[in-house]
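Trainee: turn this into a structure:
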Amino acid sequence: LDYIATVPPTIMLCADLFGRRNAGVVYGWVFAAHQLGAAGAAWGAGLVRDAVGSYGWAFSSAGAVAIVAGLAATMIRRPAPTLGAAT
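Mentor: Just a heads-up that it's a prediction; the model follows:
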């Protein structure tokens with residue numbers, strides 16, 4: 001999937017969990033955090049390349065982090081609905 005393919009489901013997830021009124025602000029923070037993480041990962045991979053001479057450790061580390069994140073994501077449960085809550 002292309003990166004843009006993940007945007008609509010992410011926006012809907014933000015709206016479902018935080019309400020349509022707050023979805024834009026929440027998605028803005030999600031997007032900003034994603035960009036900071038991407039910048040940090042690129043910078044860190046460059047440091048690893050300079051220190052070791054190869055991107056191998058950076059790729060392996062990124063793969064390990066992705067596996068841990070995927071496992072953590074399987075533990076996320078939808079919050080129980082509250083009575084009288086309006087979105």
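Trainee: please, which helix or strand holds residue 13?
Mentor: Taking DSSP states H and E as the definition, residue 13 sits inside helix 7-18.
Trainee: need the residue closest to the centroid of this protein.
Mentor: residue 34 (5.7 Å; CA atoms, centre = their mean).
Trainee: tell me the phi and psi of it?
Mentor: phi -60, psi -40 (degrees, to the nearest 10).
Trainee: tell me the pLDDT of it.
Mentor: Note for residue 34: predicted pLDDT of 92.
Trainee: pull out the buried positions in the helix holding residue 13.
Mentor: For helix 7-18, a neighbour-count test (16 or more other CB atoms under 10 Å) marks 11, 14-15 as buried. From N, CA and C alone the C-beta is placed, and that goes for glycine too.
Trainee: could you pull out the helices for this protein?
Mentor: 7-18, 23-52, 56-73 (DSSP state H).
Trainee: returning to that earlier point: so what touches the helix holding residue 13?
Mentor: 22-23, 26-27, 30, 79 (CB atoms under 8 Å, 6 or more residues apart in numbering).
Trainee: right, so of the helices of the chain, which gets closest to residue 83?
Mentor: For these, the distance to residue 83 is smallest for helix 7-18, at 17.7 Å, taking CB to CB.
Trainee: low pLDDT regions in the chain?
Mentor: The chain contains residues with pLDDT under 70 at 1, 84-87.
Trainee: about what we covered before: distance to residue 83 for the helices of the chain - can I get that in a markdown table?
Mentor: Below are the helices of the chain laid out as a markdown table (distance: least, CB to CB, whole Å):
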| stretch | distance to residue 83 |
| --- | --- |
| helix 7-18 | 18 |
| helix 23-52 | 22 |
| helix 56-73 | 28 |
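Trainee: which one of those is the most hemmed in?
Mentor: Among the helices of the chain, the stretch with the highest mean neighbour count (mean count of other CB atoms under 10 Å) is helix 7-18, at a mean of 14.
Trainee: now render the buried residues of helix 7-18 as TSV, adding distance to residue 38.
Mentor: Shown next, in TSV, are the buried residues of helix 7-18 (distance: CB to CB, whole Å):
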residue	distance to residue 38
11	19
14	19
15	24
